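Asks: Output the structure for:
(chains A and B)
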Amino acid sequence: MQQSKMLIPTKKEAPSDAEALSHKMMIRAGYIYQVSAGVWSYLPMAYRVIRKVENIIRQEMEKAGAVEMLMPGLLPADLWKESGRYEAYGDNLFKLKDRRDRDFILGPTHEETFTEVIRDSIKSYKKLPLVVYQLQDKFRDEDRPRYGILRGKEFEMLDGYSFSADQKGLDQAYDLQAKAYRNIFDRVGLNYKVILADSGTMGGKNSQEFSAPAEVGEDVIAYTDGGYAANLEKATSKFTGVQQTDEPKELEKKPTPGAHSVDEAAESLGMESDQIIKAMFYMAKMSEDESQPVLVLMRGNDEVNEAKLKDELGCEELELASEEDAVKYLGAHPGSLGPVGVGEEVKIYADNYVKVMVNMACGANDDGHHYINANIDRDFRVDQFGDFRNVKEGEIAPDGHPIKFTPGIEIGHIFKLGTHYTHQLGAQVLDKNGRLVDVIMGSYGIGVTRLLSAVAEQTADENGLVWPDSIAPFDVHVIPVNAKKDEQMKMANEITVNLEKAGYEVLIDDRKERAGVKFADSDLIGIPIRVTVGKRASDGIVEIKIRKTGETVEVKTEEVADTVGILLKQLSEQNTNEAD
RNA sequence: CGGAAUUUAGCUCAGCUUGGUAGAGCGCUGCGUUCGGGACGCAGAGGUCGCAAGUUCAAAUCUUGUAAUUCCGACCA
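Replies: Okay, here's the model as predicted:
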């Protein structure tokens, strides 16, 4: 491919508002072009990378026994109203109307759409299990698109769905998908972790998340050298609390004027923050019109983990109560809230670490006052103890190793959905015994365009992008240093033809640019191998440079194809090793 | 949904405080020199200053509204 015929609008400067390395470099390298906030055009180079990724996905899906199909992005709202997600999905759902005023949506995910097909097409367990998938653009009206194509309003996704008549079928499909996902991420050259995850609004209990450690990651991964890895929302550590044995002292109310945070209260009372109880007041939405006030007690220096709390409560939504609600139920503003004297209408949940404490300090439900020497049962009741806190770095994970934190980009997620959607939409089959059973569903997704961001984020350097050979837009970049010299152009063309004959994809920079411009652009666009045809062309010698390492070798022209083959193989093996 | 900032040439930005009719660098076109790490000289093209209304003899500049974009927070595949 001749570079003069490509559209690769490279830039010297990145937009001032670009933050992430991948964002800056993909723009500077002429890969992506912004159309609107969170909406991007994929220029020829980016699209080649996307197609490479898609091919890897298709191969691995086929190995896993999944079959590709394509659903529309434009969906009638009816099904979503039926499943309840037309409302539940919230503002991220793009809603629109057709000319007859019928409600439509732009699909943000396709559980309903696939379930409907299965419901109407499959009536017997004999046709199951079935695993289908698609590569398609999804639409989510993200309030805050970020970091180039990392979080967009329209993005390409691999979404797959398994349908089984029994749990065993689901387990098998899930395991096959998990294996396929590992293969895909290995092959695209990504450093990633498989982590325990919270399933969010998707429903279903069992899920694994695939996350790529990167500075701009929006999630926190808690992991260990022993192999444990979990989303912060799910991470647990060994309980190391020790029952305090001090004699209970008399409950005493102290003024703590102006103290709103735990630290301020600690200072005001002259005690350590870990002897203070932090009381967070939440409203848990249990159903459409029923909200349960919940007071959560934590050790002062711990943070509430809302996902864990939400699981325990089994509520639909959980949010911090408003100041008005705090005053209404507890009689004070946040900062002075506590469990003493709280009525039965407010549920009191407490973290396990609170259970072992005696003589605690806590808000007195009287603005500007705290109690000291509060004790469980004697001074206040706790309805439920549990693990409701975020783990911290250095704590011991379930595998016995100390926990470390890293930000991560979520690149894939697989769920054992169960019968949530099939039950709602009536997708049932006859089982062996002739009984109607709900089909059991699994849901699997990879953000394809986000994958590009994640890889770029992990591999780019200060000179530009550095694509792993498996998904690079081209294998080799051939650069005649001076396109006006016939000798160099002729040799470069010959090398290009030979490499293409040998099965490589080659981009030849046939532009009449100066050497510096060509080299800078070459570094920016990040093709793994560069062949420079320059001064020593007349001796039949060219230079081969590896983009990733900067290493160069000089070889005779007739050895170029062989050398490129060896180098690409080495790079590919390095990637495989690093991905492990 | 709260809070903040930005919007002037294809890109990165100056000009605005103190109103007088548009600037730089890069990029682009032509000519010449140069030719292995974003060269240099000369000559050019290119902007109803986000949009709308207002104040004024006069608005990029002041006022009001509005939109887009970005950041912080909230929310969340």
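Asks: can we go C-alpha only for contacts and neighbour counts from here?
Replies: Will do.
Asks: when you scan the helix or strand harbouring residue A:309, is anything in it near RNA strand B?
Replies: Taking DSSP states H and E as the definition, one finds residue A:309 inside helix A:306-313. No - no part of helix A:306-313 sits near RNA strand B under the criterion CA under 7 Å from any atom of the strand; the closest distance found is 8.2 Å.
Asks: What residues of the very next helix or strand once past that helix count as buried?
Replies: Scanning the chain past helix A:306-313 towards its C-terminal end, the next helix or strand to appear is strand A:317-320 (assignment: DSSP H and E). Residues of strand A:317-320 classed as buried under the neighbour-count rule (16 or more other CA atoms under 10 Å) are A:318, A:320.
Asks: Likewise for stretch A:531-550?
Replies: A:531-534, A:537, A:541-548.
Asks: what does stretch A:252-271 give?
Replies: For stretch A:252-271, the buried set under the neighbour-count rule, 16+ other CA under 10 Å, comprises A:253-256, A:259-260, A:262-266, A:268-269.
Asks: In a markdown table, list these along with secondary structure, distance to residue A:327 and pLDDT.
Replies: Supplementary listing: the buried residues of stretch A:252-271 in a markdown table, determined by DSSP: H, G, I helix; E, B strand; the rest coil; distance: CA to CA, whole Å; pLDDT from 0 to 100:
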| residue | secondary structure | distance to residue A:327 | pLDDT |
| --- | --- | --- | --- |
| A:253 | strand | 19 | 92 |
| A:254 | strand | 20 | 90 |
| A:255 | strand | 18 | 90 |
| A:256 | coil | 18 | 87 |
| A:259 | coil | 17 | 76 |
| A:260 | coil | 15 | 75 |
| A:262 | helix | 19 | 82 |
| A:263 | helix | 22 | 80 |
| A:264 | helix | 21 | 81 |
| A:265 | helix | 19 | 83 |
| A:266 | helix | 23 | 84 |
| A:268 | helix | 23 | 84 |
| A:269 | helix | 23 | 87 |
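Asks: Helices along the stretch 51-200 of chain A, start to end?
Replies: Under the criterion DSSP state H, counting those that start in this stretch, the stretch 51-200 of chain A contains helices at A:78-83, A:85-88, A:111-121, A:167-187.
Asks: Let's see the shortest one as CSV, backbone CA atoms only.
Replies: C-alpha atoms of helix A:85-88 as CSV (Å, rounded to 0.1, in the frame of the first residue of the first chain):
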residue,chain,number,x,y,z
ARG,A,85,-35.0,-1.7,31.3
TYR,A,86,-36.6,1.1,29.2
GLU,A,87,-36.9,2.9,32.5
ALA,A,88,-34.3,1.1,34.5
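Asks: okay, and for the stretch 1-150 of chain A, where does confidence drop off?
Replies: By pLDDT under 70, the stretch 1-150 of chain A has no low-scoring segment.
Asks: Which part of the stretch 251-400 of chain A gets nearest to RNA strand B, residue-wise?
Replies: Using CA to the nearest atom of the strand, residue A:319 is the residue of the stretch 251-400 of chain A that sits closest to RNA strand B, at 5.9 Å.
Asks: give the contact list for that residue.
Replies: With contact set as CA atoms under 8 Å, 6 or more residues apart in numbering, residue A:319 has these partners: A:282, A:283, A:284.
Asks: burial count for the first one?
Replies: The number of residues packed around residue A:282, counting by other CA atoms under 10 Å, is 22.
Asks: do the helix or strand that it is a member of and RNA strand B meet?
Replies: Secondary structure from DSSP H and E places residue A:282 in strand A:277-287. No - figure legend: strand A:277-287 not in contact with RNA strand B (CA under 7 Å from any atom of the strand); closest approach 10.4 Å.
Asks: Remind me what that strand packs against, helices and strands.
Replies: Strand A:277-287 makes packing contacts with strand A:290-299, strand A:317-320, strand A:360-363 when contacts are defined by 3 or more CA pairs under 8 Å, 6 or more residues apart in numbering; DSSP states H and E.
Asks: Run through the residues that contact residue A:244.
Replies: For residue A:244, the contacting residues are A:356, A:357, A:358, taking CA under 8 Å, 6+ apart as the criterion.
Asks: the bottom helix or strand of chain A by mean pLDDT?
Replies: The helix or strand of chain A with the poorest confidence is strand A:317-320; it has a mean of 79 (mean pLDDT, DSSP states H and E).
Asks: how's chain A carved up into domains?
Replies: Per the record, chain A has its domains at A:3-211+A:409-457, A:252-386, A:476-579, by automatic domain parsing.
Asks: To residue A:464, which of those lies closest?
Replies: Among those, the nearest to residue A:464 by CA to CA is domain A:476-579 (3.9 Å).
Asks: roughly how far out does that closest one sit from the chain middle?
Replies: A distance of 36 Å separates the centroid of the chain from that of domain A:476-579, by CA atoms, centre = their mean, to the nearest Å.
Asks: ok, now stretch A:12-29?
Replies: Centroid separation between stretch A:12-29 and its chain, computed with CA atoms, centre = their mean, is 21 Å.
Asks: With stretch A:223-235 instead?
Replies: The chain centroid and the centroid of stretch A:223-235 are separated by 15 Å under CA atoms, centre = their mean.
Asks: Now do it: everything it contacts.
Replies: Applying CA under 8 Å, 6+ apart, the set of residues contacting stretch A:223-235 from outside is A:193-198, A:219-222, A:305-308, A:390-391, A:397-406.
Asks: Among the residues you listed, which are located in strands?
Replies: When the contacts of stretch A:223-235 are checked against strands using DSSP state E, the ones located there are A:193, A:194, A:195, A:196, A:219, A:220, A:221, A:222, A:404, A:405, A:406.
Asks: Now the residue nearest the centre of chain A: closest residue in space, sequence neighbours ignored.
Replies: Most central in chain A under CA atoms, centre = their mean is residue A:410, positioned 1.4 Å from the mean C-alpha point. In this structure, residue A:410 finds its nearest non-sequential neighbour in residue A:211, 4.4 Å apart by CA to CA, 6 or more residues apart in numbering.
Asks: Against residue A:393, how distant is that neighbour?
Replies: 18 Å (CA to CA, to the nearest Å).
Asks: and if you look at residue A:380?
Replies: Shown here: residue A:380 relative to residue A:393, a distance of 31 Å by CA to CA.
Asks: do residue A:412 as well
Replies: In this view, residue A:412 and residue A:393 are 25 Å apart by CA to CA.
Asks: who has more neighbours, these two?
Replies: Using other CA under 10 Å, the more surrounded residue of residue A:412 and residue A:393 is residue A:412, with 25 against 16.
Asks: In a strand, that one, correct?
Replies: Yes - secondary structure of residue A:412 (DSSP: H, G, I helix; E, B strand; the rest coil): part of a strand.
Asks: Give the burial count for the closest residue to it other than its chain neighbours, as a bare number.
Replies: Closest residue to residue A:412 apart from its sequence neighbours, by CA to CA, 6+ apart: residue A:446 at 4.2 Å. Other residues within reach of residue A:446 by the criterion other CA under 10 Å amount to 24.
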